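> With the sequence up front, the predicted model follows.
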Number of protein chains: 4
Amino acid sequence: MNQHTVNRIRKFTADRDWDQFHSPANLAKSIVIEAAELLECFQWEEDKYNLQDVKEELADVMVYCQNLADKFGLDPDEIVNMKMEQNEAKYPVDKAKGKADKYDKL
Amino acid sequence: MNQHTVNRIRKFTADRDWDQFHSPANLAKSIVIEAAELLECFQWEEDKYNLQDVKEELADVMVYCQNLADKFGLDPDEIVNMKMEQNEAKYPVDKAKGKADKYDKL
Amino acid sequence: MNQHTVNRIRKFTADRDWDQFHSPANLAKSIVIEAAELLECFQWEEDKYNLQDVKEELADVMVYCQNLADKFGLDPDEIVNMKMEQNEAKYPVDKAKGKADKYDKL
Amino acid sequence: MNQHTVNRIRKFTADRDWDQFHSPANLAKSIVIEAAELLECFQWEEDKYNLQDVKEELADVMVYCQNLADKFGLDPDEIVNMKMEQNEAKYPVDKAKGKADKYDKL
């Protein structure tokens, strides 16, 4: 997300005085609640999704992720790169290529 | 996320030939699975979280969100701004300020 | 579940003095956390599940559901029959037969 | 659940010819989707829940759990007792009493 989008998310919360409800636990609950609404787009027939619904639910997840990152003063690029480094080490290309196995089964 | 981070996520998947597993439904499942692992950081005692765990699990959610956005060729800024516009309309400041009610209860 | 099983679940919690952690919100979190672990059995390749894992994760969900019912003094048969009555009304056989649509789309 | 309740759940699915949609993966998705709706009852203010909503969402989770058990011909009492045996071994009373730690941290 660019800075303009991040600022819009922050202003939305600040204008409504909602920081009081945004405990880390509540934001984590909200992320899983919205993630489940996103999954609902693919509940029974995976190929009959409504793309507009997918966009809205995915955006909801992303907004709450940004809220949680803000709560802890985290930089998304920093934590994602830290995690990708772990993933690259846990799933070496020569072992993981073309396989859906978890790293402890490779 | 900046372009470098996005490219790293894409390369990770491409190098492992994992696009075959990344159906929209599977990515939506993955987002909710990782979101639940994030919630686990706050399962019993909300204030006794391990920040390193929070960072890793939040990063996992963000990576799968980017994967799903890529799957549909979506621009995170575009869908988040589209959704924020809806949110701003559903939760007018004068009605929603300081309240945790859902928009249909305001 | 029969009474013996329900009693075993209750005794497990009581013996460990865990009722203090079993707030309704914490139990609801636990149900979704275990439900996501169950979903993980079907994350990438839906037909390559490990049945033993499925049994264990499904059991975990059921145990926390019983914990939450106990918390509110609810009888599973009573609430499930109440909900089935609603479902039967929302999804009349002649409209819903063979269709995966949500009731508001029927 | 007693046999009458279980039979009602089975008849509901059979009458609507919905077994075709009830793959194990789809039922697992449904369990997590309903579990997240249950969590939504406790999203922002844990003590301001609507008990009727809690009953309905908990019932939904229980119904899908029964559907998944049926799918595999599993007996809830059997799998729950199998899991409780594991839990009793992983969380010995003398080590776990009054603590919310995970078994590998005890």
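Arrived safely, thanks for sending.

> Quick check: closest non-adjacent residue to residue A:68.
residue A:27 (4.3 Å; CB to CB, 6 or more residues apart in numbering or on different chains). C-beta: built from backbone N, CA, C; applies to glycine.

> List the contacts of the nearest residue to residue A:19 once chain neighbours are set aside.
Leaving aside its chain neighbours, residue A:19 sits nearest to residue A:13 (6.0 Å; criterion: CB to CB, 6+ apart). By CB atoms under 8 Å, 6 or more residues apart in numbering or on different chains, the contact list for residue A:13 reads A:19, A:22, A:67.

> Sticking with residue A:13, tell me its helix or strand.
For residue A:13, the element it lies in under DSSP states H and E is helix A:3-15.

> Relative to residue A:63, how far out is the residue nearest to residue A:68?
Between residue A:27 and residue A:63 the computed distance is 10 Å (CB to CB, to the nearest Å).

> overlap in contacts of those two?
Common neighbours of residue A:27 and residue A:63 (CB under 8 Å, 6+ apart) do not exist.

> what's the average pLDDT for the host helix or strand of the residue nearest to residue A:68?
Per DSSP H and E: residue A:27 is located in helix A:24-40. Taken as a whole, helix A:24-40 has a mean pLDDT of 98.

> Give me the helices and strands touching that helix, please.
Counting contacts by 3 or more CB pairs under 8 Å, 6 or more residues apart in numbering or on different chains; DSSP states H and E, helix A:24-40 is packed against helix A:51-71, helix B:24-40, helix B:51-71, helix C:24-40, helix D:24-40.

> Restrict the helix or strand following the first one to CA atoms and write it as PDB.
Sequence-wise, the next helix or strand beyond helix A:51-71 is helix A:76-90, with elements assigned using DSSP H and E. As requested, the backbone C-alpha atoms of helix A:76-90 are provided in PDB (Å, rounded to 0.1, in the frame of the first residue of the first chain):
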ATOM      1  CA  PRO A  76       4.900  -4.300   6.600                       C
ATOM      2  CA  ASP A  77       7.900  -4.400   4.300                       C
ATOM      3  CA  GLU A  78      10.200  -5.200   7.200                       C
ATOM      4  CA  ILE A  79       8.200  -8.000   8.700                       C
ATOM      5  CA  VAL A  80       7.300  -9.500   5.300                       C
ATOM      6  CA  ASN A  81      11.000  -9.600   4.300                       C
ATOM      7  CA  MET A  82      11.900 -11.000   7.600                       C
ATOM      8  CA  LYS A  83       9.300 -13.800   7.100                       C
ATOM      9  CA  MET A  84      10.200 -14.400   3.400                       C
ATOM     10  CA  GLU A  85      13.800 -15.000   4.600                       C
ATOM     11  CA  GLN A  86      12.600 -17.700   6.900                       C
ATOM     12  CA  ASN A  87      10.400 -19.200   4.200                       C
ATOM     13  CA  GLU A  88      13.200 -19.300   1.700                       C
ATOM     14  CA  ALA A  89      15.300 -21.200   4.200                       C
ATOM     15  CA  LYS A  90      12.500 -23.600   5.300                       C
END
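
> can you tell if the following helix or strand past helix A:76-90 touches chain B?
Moving toward the C-terminus from helix A:76-90, the next helix or strand (DSSP H and E) is helix A:93-96. Yes. Residues of helix A:93-96 are located near chain B by CB under 8 Å from any CB of the partner chain, namely A:93, A:96.

> who's in contact with helix A:93-96?
Contacts of helix A:93-96 (CB under 8 Å, 6+ apart): A:103, A:106, B:15, B:16, B:18.

> Grab the nearest non-local neighbour of the second one.
The spatial neighbour of residue A:106 that comes closest, neighbours along the chain excluded (CB to CB, 6+ apart), is residue A:95 at 4.7 Å.

> contacting residues for the residue of chain A found nearest chain D?
Relative to chain D, the nearest point of chain A is residue A:36 (3.3 Å; CB to the nearest CB). Neighbour list for residue A:36: B:32, C:32, D:32, D:33, D:35, D:36, D:37 [criterion: CB under 8 Å, 6+ apart].

> would you list those in CSV and tack on distance to residue B:8?
Shown next, in CSV, are the contacts of residue A:36 (distance: CB to CB, whole Å):
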residue, distance to residue B:8
B:32, 23
C:32, 30
D:32, 29
D:33, 31
D:35, 33
D:36, 30
D:37, 35
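
> Get me the contact residues on chain A for chain C.
A:29, A:32, A:36, A:43, A:44, A:45, A:100.
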